[in-house]
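Colleague: let me see the structure of the following:
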Amino acid sequence: MADQNDDQYDTQDDATEDLGVAVTPRHVPKAPIEKIGGRKLKPATLMMGHGYDPALSEGSLKPPIFLTSTFAFENAAAGKRHFEGITGKRPGGADGLVYSRFNGPNQEIFEDRLGVWDEAEDALVFSSGMSAIATVLLANVNQGDVVVHSGPLYAATETLISKVLGRFGVTYLDFPAGASPDKVAEVLEQAKAQAAKNGGKVAIIYLESPANPTNALVDIEGVAAARDQVFDTDDAPPIAIDNTFLGPLWQKPLKHGADIVIYSLTKYVGGHSDLVAGGVLGSKASMDPVRAIRNTIGTICDPNTAWMLMRSLETLELRMTRAGENAEKICAFLRDHPKVEGLGYLGFISDEYQKDIYNRHCSGAGSTFSLFIKGGEAEGFAFLDALKIAKLAVSLGGTETLASLPAAMTHLSVSDERRAALGITDNLVRISIGVEDADDLISDFEQALEAV
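Modeller: Just a heads-up that it's a prediction; the model follows:
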């Protein structure tokens with residue numbers, strides 16, 4: 001990269017300057033443009049250039065893809081300092097680029113931009129949503145610990161907590177997504193007693209809101225209040241939340257008491273059904289142990305995926321806004337259809353507590369919802385097989401409309417009893433609305449319902 005002038009950057013602390021060590025310049029300019037006059041720039045504007053200086057890459061308007069496994073150090077002292085950050089001798093990670101299992105220009109630029117949406121101090125990118133979730137859990141749990149989580153969760157997350165971590169002496173307790181703060185406090189008290197018996201601690205409170213696939217909301221503020229009621233400050237477990245269904249546009253959990261926000265970036269952030277990635281955001285203190293585990297087990301995403309994610313961030317607000325508008329029109333049609341038993345759409349909430357959570361936590365209803373077809377699996381299959389525009393596929397948040405039947409697909413590994421308790425019925429169809437024409441999609445759903 002060209003024109004790497006040290007005076008453009010603020011990468012040296014006092015200790016480094018005293019040693020006369022020149023630290024390799026980072027990709028982040030000393031004074032990134034975040035305001036014009038007194039106006040703070042909006043995330044949609046910052047996505048076009050935040051964290052990247054074209055002068056460092058031969059004037060390339062867009063960041064190149066840096067396909068390298070390792071990076072040359074300016075001198076040996078700089079290399080030592082970078083490894084002090086990598087190994088945790090200093091918090092915050094490396095001051096410069098080291099090795100692609102730890103960091104890289106594409107990953108770091110993307111992390112800088114992703115953090116803008118949630119106003120997070122720090123952000124990390126991963127090779128998949130599940131690698132992000134697994135790394136967060138591994139960074140926080142030890143043998144004998146208890147995980148407390150809301151339910152339902154994405155099936156692979158439930159499997160990871162109950163079966164994989166269970167092999168190493170970690171247990172769990174859960175509460176329904178719509179539980180009151182009093183109910184959450186009750187479960188936390190039980191978990192605290194269970195952890196003491198096992199010789200461990202309550203390691204983490206893990207939430208998913210809206211829940212997959214029912215769309216039930218978790219009261220993040222209520223969970224935080226319950227935690228503070230049950231635990232002292234020094235032993236309070238962090239609150240982590242999977243914000244994939246609404247974030248980062250329609251819900252910002254860090255503002256409501258969460259410590260860690262997790263995304264399957266495969267979904268809305270990637271947004272084109274052409275990549276797999278995950279993200280974790282929070283305070284630097286929360287991210288340091290997660291970064292350390294990522295460095296060790298290598299769950300960082302590759303440079304090409306990070307570059308594609310940067311591309312997608314530029315249109316994130318446009319795509320999510322269009323999909324949300326489409327979903328509102330389509331759900332208005334579906335809720336009155338004689339073959340529809342019900343809708344799990346956040347724009348039409350009837351439960352008073354769920355509506356209260358929505359009003360406090362959410363700025364939009366999203367574009368993924370659950371559609372309950374009158375009947376059972378056969379009727380659900382008939383609807384799915386008749387779709388012509390919407391694609392029969394798992395996942396969500398892409399530019400195209402997708403539909404699936406969770407009980408027979410994504411949540412098939414969950415026991416019948418557990419699915420019944422969580423409301424994941426055989427007639428629940430999960431739909432993710434894309435950016436097609438809304439009237440065309442309504443016509444598609446209308447003819448598909450005729451086949452039921």
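Colleague: buried set for the helix or strand encompassing residue 320?
Modeller: Per DSSP states H and E: residue 320 is located in helix 316-334. For helix 316-334, a neighbour-count test (16 or more other C-beta atoms under 10 Å) marks 316-317, 319-324, 326-328, 330-331, 333-334 as buried. All C-beta spots, glycine's among them, are computed from the backbone N, C-alpha and C.
Colleague: stretch 306-317 too?
Modeller: Buried residues in stretch 306-317, counting neighbours by 16+ other C-beta under 10 Å, are found at 306-313, 315-317.
Colleague: then stretch 433-452?
Modeller: Neighbour-count burial for stretch 433-452 [16+ other C-beta under 10 Å]: 433-436, 438, 441-442, 444-445, 448-449, 452.
Colleague: just confirm residue 210 is within a helix.
Modeller: No - per DSSP: H, G, I helix; E, B strand; the rest coil, residue 210 lies outside any helix segment and is coil.
Colleague: right, and it touches residue 345 too?
Modeller: No - under the criterion of C-beta atoms under 8 Å, residue 210 makes no contact with residue 345, lying 10.1 Å away.
Colleague: grab the most central residue of this protein for me.
Modeller: Central residue of the chain (C-alpha atoms, centre = their mean): residue 263, 1.1 Å from the mean position.
Colleague: read off the pLDDT value for it.
Modeller: Per-residue pLDDT puts residue 263 at 98.
Colleague: partner residues bridging it?
Modeller: Beta-bridge partners recorded for residue 263 (DSSP bridges): residue 279.
Colleague: who's in contact with it?
Modeller: Counting by C-beta atoms under 8 Å, 6 or more residues apart in numbering, residue 263 makes contact with 129, 132, 242-244, 247-248, 269, 278-281.
Colleague: same check on residue 351?
Modeller: residue 178.
Colleague: how about the strands in the stretch 101-250 of the chain?
Modeller: With DSSP state E, counting those that start in this stretch, the ranges of strands along the stretch 101-250 of the chain come out as 122-126, 146-151, 171-176, 202-208, 239-242.
Colleague: residue 419: which of these is closest?
Modeller: For residue 419, the closest of the strands of the stretch 101-250 of the chain is strand 146-151, at 10.9 Å, according to C-beta to C-beta.
Colleague: adjacent strands (with direction) for the closest one?
Modeller: Here, using DSSP bridges, strand 146-151 pairs with strand 171-176 (parallel), strand 202-208 (parallel).
Colleague: and the first one, how far out from the chain middle?
Modeller: In terms of C-alpha atoms, centre = their mean, to the nearest Å, the centre of strand 171-176 is found 21 Å from the chain centre.
Colleague: so what touches that strand?
Modeller: Residues from elsewhere that reach strand 171-176 (C-beta under 8 Å, 6+ apart): 145-151, 161-162, 165-166, 183-184, 187, 190-191, 194, 198, 216, 422.
Colleague: which secondary element of this structure has the worst mean pLDDT?
Modeller: The weakest-scoring helix or strand in the chain, judged by mean pLDDT, DSSP states H and E, is helix 14-19 (a mean of 42).
Colleague: could you point out which element follows it?
Modeller: Proceeding N to C from helix 14-19, the next assigned helix or strand is strand 35-36, under DSSP H and E.
Colleague: contact partners of that next one?
Modeller: Residues contacting strand 35-36 (C-beta under 8 Å, 6+ apart): residue 41.
Colleague: tell me the strands beside that strand, with direction?
Modeller: Sheet partners assigned to strand 35-36 using DSSP bridges are listed as strand 39-40 (antiparallel).
Colleague: from the chain's centroid, how far away is the strand it pairs with?
Modeller: 27 Å.
Colleague: what does it contact?
Modeller: So strand 39-40 is in contact with residue 34, going by C-beta under 8 Å, 6+ apart.
Colleague: now it: mean pLDDT?
Modeller: 91.
Colleague: put the alpha carbons of the helix or strand that it is followed by into CSV.
Modeller: Once the chain leaves strand 39-40, the next helix or strand it forms, by DSSP H and E, is helix 43-46. Coordinates of each C-alpha in helix 43-46 appear next as CSV, following Å, rounded to 0.1, in the frame of the first residue of the first chain:
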residue,chain,number,x,y,z
PRO,A,43,-24.8,5.3,9.4
ALA,A,44,-26.1,5.1,5.8
THR,A,45,-23.6,7.8,4.9
LEU,A,46,-20.7,6.4,6.9
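Colleague: in helix 43-46, which residues are buried?
Modeller: Those would be 43-44, 46, for helix 43-46 by 16+ other C-beta under 10 Å.
Colleague: of all the buried residues of stretch 433-452, which two lie farthest apart?
Modeller: Using C-beta to C-beta, the two most remote members of the buried residues of stretch 433-452 are 435 and 452, lying 26.2 Å apart.
Colleague: neighbours around residue 401, how many?
Modeller: Residue 401 has 26 neighbouring residues, counting by other C-beta atoms under 10 Å.
Colleague: how about it, what does it touch?
Modeller: 389-391, 431-434, 436, 441.
Colleague: pLDDT wise, what is it at?
Modeller: Residue 401 is assigned a pLDDT of 98 by the prediction.
Colleague: residue 48 versus that one, what's the distance?
Modeller: Note on residue 401: its distance to residue 48, by C-beta to C-beta, to the nearest Å, is 28 Å.
Colleague: what does residue 319 give?
Modeller: 15 Å.
Colleague: same question for residue 449.
Modeller: Counting by C-beta to C-beta, the gap from residue 449 to residue 48 is 42 Å.
Colleague: can you check residue 195 too?
Modeller: As judged by C-beta to C-beta, residue 195 and residue 48 stand 47 Å apart.
Colleague: mind checking which of those two has more residues around it?
Modeller: Between residue 195 and residue 48, residue 195 has the larger neighbour count (other C-beta under 10 Å), namely 22 against 13.
Colleague: give me the nearest residue to that one, chain neighbours excluded.
Modeller: Leaving aside its sequence neighbours, residue 195 sits nearest to residue 146 (C-beta to C-beta, 6 or more residues apart in numbering; 4.4 Å).
Colleague: could you pull up the residues touching the one you found?
Modeller: Residues near residue 146 by C-beta under 8 Å, 6+ apart: 170-173, 191-192, 194-195, 198, 200-203.
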